[in-house]
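Student: turn this into a structure:
(chains A and B)
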There are 2 protein chains.
Amino acid sequence: MAPRTHIVGAGLIGASLGIGLAAEGWTVTIEDNDPEAERLARSIGAGGTPTGDAPELVIVAVPPSAAAAVVAAALGRYPDAVVTDVASVKAPIAAAAEATGASSRYVGSHPMAGREVSGGLGAQGDLFKARPWVLCPNGATPEAIATVALVPEALQCDVVTMEAAAHDAAVARVSHAPQVAASAVAAALGILDADDVALAGQGLRDVTRIAASLPGMWADIARLNRKHLIDSLDHIIADLEEVREADDIGEALTDLIDRGRFEVARIPGKHGGATRDWTPVTVIVPDTPGQLLRLLQHTAAEDVNVEDIAIEHSPRQPVGLTTLYVLPTHAAALVAALERHGWEIAAS
Amino acid sequence: MAPRTHIVGAGLIGASLGIGLAAEGWTVTIEDNDPEAERLARSIGAGGTPTGDAPELVIVAVPPSAAAAVVAAALGRYPDAVVTDVASVKAPIAAAAEATGASSRYVGSHPMAGREVSGGLGAQGDLFKARPWVLCPNGATPEAIATVALVPEALQCDVVTMEAAAHDAAVARVSHAPQVAASAVAAALGILDADDVALAGQGLRDVTRIAASLPGMWADIARLNRKHLIDSLDHIIADLEEVREADDIGEALTDLIDRGRFEVARIPGKHGGATRDWTPVTVIVPDTPGQLLRLLQHTAAEDVNVEDIAIEHSPRQPVGLTTLYVLPTHAAALVAALERHGWEIAAS
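Tutor: Next up, the predicted model:
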């Protein structure tokens, strides 16, 4: 049975959880410090007004900097409820729960839905679908863990369980430090004039894509995960220094690239497996509506599944390069078929 | 009139140039130190055997580490020819040309075709089409510059002209340092076990995509562009240190992210303009053949042009998230139309 659920915080995450769980038939109430946000969330079906019935599950969906205090307050205010939160750093909140003496009823959550919007207006019930949802049980009882796990199960998330400290160390490496590094690579462009920046290729665009993120949440995250973030930055700085200081910079870079390649191969690609060795097929595509569709029609006619796709627009040219990533066994036949249809295949 | 052209070096770049120029009706000869590579290049139409007629243009397409010596030799061997080369670092080669006293006949080239293959077998005549081609005239005569410029014009490249030192400083920032940083971010994953790495999202995949590059050419590039690469790395290291050392890490990161955002906005997107503010529309797509095609059919039916596309496979789930980037004015109608067709739109 779905637990009677109360959500504290009616921003993007809280309101999305409310809509998603209500759609699954859960009884959900929601509140927010901000009366306007609260009213909006209730009007879009993210939860009702709390009644006399005490909740069985409380989900704290407030900004990371406020999560520890609100979780501790919720453990006191609802002495029979299981409490979780959704902040992207877990150890400081687990510690606050521990300090209340009620941490057997607290399980940390980190739903990894990385959209760059905020506020209840952007809420959608399927925000979390098919995304990882990390559970950090720490000292919780099996019953409390099972109760919180009902949420990602109802929302069809990919549940991963780990301790809070391990979670924080991991996200520092896979998320927080890469964000800082991407911003530093972007910031280093500052000495260049516009003509120089025009030499940028797809590599730079990939590396710096997340550098376009807004800083608000990241400042909170950096403060809460300072130790692990600094450890990660130290690792990166040490590797950059090693290249920088080397007697033979070529040899030092070869060593770093080799180590990086080993790790990149461990980043999961499709369906939890290691990144596949897909074969890129790069096609020169006129930059007019409908061309991408035509390309995929010709691809589908060959029964070739497109595993990934990348579009590279060409500065000052009316064409772009579209790369289809396909299984190696499909590549040659696909190239032949596309050429038959008149497509220009670029070298790849 | 196309100059009688001789290519020295029959690897991917040299052979591709030969095929591309021959296809435009140029008279091309090609040679390589390696008789097997030379034979292959000639057999695939990348150029004929040199005759008694001295070339008017010599293109040196050897590995970066050898380019300076081969350019100097070519200036001596062909006293009436204009000489260019295709190495991705330009100042050391310009200096070698200068030292011969014949630099009025030398113009550096950097065709920016960044595919991860090598060898003449991968050669294709349109490797450079729609890509930037940098010309570094330095001390060359206008006639020499005009002769070399015929090559990127024939191959429909996007020609950019700048001095060798400015080129090397720019590519250190837009290409070489981002490569090193991406490898360092990837290498920092080395302390994580497989479960931790599974928390990786699209952000990490973007940042580390180029970290999968083979180190061979990069070692050469780092040695040749050592000073500018170190300058760039120092800039990145200083920014990372500033975050790492800050009394308030949140404030320091906010400052870095703000500076990075400003620079990211300067990276050209489509047709030489600044990156557009495209609106992402994220769709939950079953991971079976033909679904992407269906999605684009429904999109095209609305007369919406897809400016960019990103596919995110979900670990351990039979669905993926596909994000279509469209003009802001098209987004709402597209969402409505896709929902009519039964697509689940994820929050974006």
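
Student: tell me which stretches of the stretch 101-250 of chain A form helices.
Tutor: A:142-154, A:164-171, A:177-187, A:194-197, A:202-208, A:216-224, A:226-245, A:249-264 (DSSP state H, counting those that start in this stretch).

Student: format those as TSV; extra columns: distance to chain B.
Tutor: For the C-beta atoms, the positions are set from N, CA and C on the backbone; glycine is no exception. Below are the helices of the stretch 101-250 of chain A laid out as TSV (distance: least, C-beta to the nearest C-beta, whole Å):
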stretch	distance to chain B
helix A:142-154	12
helix A:164-171	4
helix A:177-187	3
helix A:194-197	4
helix A:202-208	4
helix A:216-224	3
helix A:226-245	4
helix A:249-264	3
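
Student: most packed of these?
Tutor: Of the helices of the stretch 101-250 of chain A, the one with the most neighbours on average (mean count of other C-beta atoms under 10 Å in any protein chain shown) is helix A:177-187, at a mean of 29.

Student: residues making contact with it?
Tutor: A:204, A:207-211, A:213, A:218, A:222, A:229, A:232-233, A:235-236, B:177-178, B:181, B:184-185, B:188, B:203-204, B:207-208, B:235-236, B:239-240, B:243, B:253, B:256-257, B:259-261, B:263-264 (C-beta atoms under 8 Å, 6 or more residues apart in numbering or on different chains).

Student: likewise stretch A:192-201?
Tutor: Outside stretch A:192-201, the residues touching it (C-beta under 8 Å, 6+ apart) are A:189, A:315, B:112, B:114, B:132, B:134, B:160, B:162, B:166-167, B:169-171, B:173-175, B:263, B:266-268, B:272.

Student: how far out from the middle of the chain is that stretch?
Tutor: 29 Å (C-alpha atoms, centre = their mean, to the nearest Å).

Student: can I get that stretch in PDB? Just the C-alpha atoms.
Tutor: Extracted in PDB, the C-alpha atoms of stretch A:192-201 (Å, rounded to 0.1, in the frame of the first residue of the first chain):
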ATOM      1  CA  LEU A 192      40.800  35.000 -26.800                       C
ATOM      2  CA  ASP A 193      39.100  37.300 -29.200                       C
ATOM      3  CA  ALA A 194      36.100  36.200 -31.200                       C
ATOM      4  CA  ASP A 195      38.100  35.000 -34.200                       C
ATOM      5  CA  ASP A 196      40.100  32.800 -32.000                       C
ATOM      6  CA  VAL A 197      37.100  31.300 -30.300                       C
ATOM      7  CA  ALA A 198      35.700  30.600 -33.700                       C
ATOM      8  CA  LEU A 199      38.300  27.800 -34.000                       C
ATOM      9  CA  ALA A 200      36.300  25.900 -31.400                       C
ATOM     10  CA  GLY A 201      35.200  22.400 -32.500                       C
END
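
Student: average model confidence for that stretch?
Tutor: What stretch A:192-201 shows for mean pLDDT is 87.

Student: and the contacts of stretch A:192-201, which are buried?
Tutor: By neighbour count, with 16 or more other C-beta atoms under 10 Å in any protein chain shown, those hold A:189, A:315, B:112, B:132, B:134, B:160, B:162, B:166-167, B:169-171, B:173-175, B:263, B:266-268 as buried.

Student: how long is stretch A:76-93 end to end?
Tutor: This stretch, stretch A:76-93, spans 15 Å end to end (C-alpha to C-alpha, to the nearest Å).

Student: picking up where we left off before, output the helices of the stretch 101-250 of chain A in a markdown table; the columns should cover distance to residue B:24.
Tutor: Compiled in a markdown table, the helices of the stretch 101-250 of chain A are given as follows (distance: least, C-beta to C-beta, whole Å):
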| stretch | distance to residue B:24 |
| --- | --- |
| helix A:142-154 | 59 |
| helix A:164-171 | 53 |
| helix A:177-187 | 38 |
| helix A:194-197 | 27 |
| helix A:202-208 | 26 |
| helix A:216-224 | 50 |
| helix A:226-245 | 41 |
| helix A:249-264 | 36 |
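
Student: of all these, which lies closest to residue A:281?
Tutor: helix A:202-208 (15.6 Å; C-beta to C-beta).

Student: just the CA trace of the closest one, in CSV.
Tutor: Below are the C-alpha coordinates for helix A:202-208, written out as CSV (Å, rounded to 0.1, in the frame of the first residue of the first chain):
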residue,chain,number,x,y,z
GLN,A,202,32.9,19.8,-31.1
GLY,A,203,35.4,18.8,-28.5
LEU,A,204,35.3,22.1,-26.8
ARG,A,205,31.5,22.3,-27.1
ASP,A,206,31.3,18.9,-25.4
VAL,A,207,33.7,19.7,-22.6
THR,A,208,32.1,23.1,-21.8
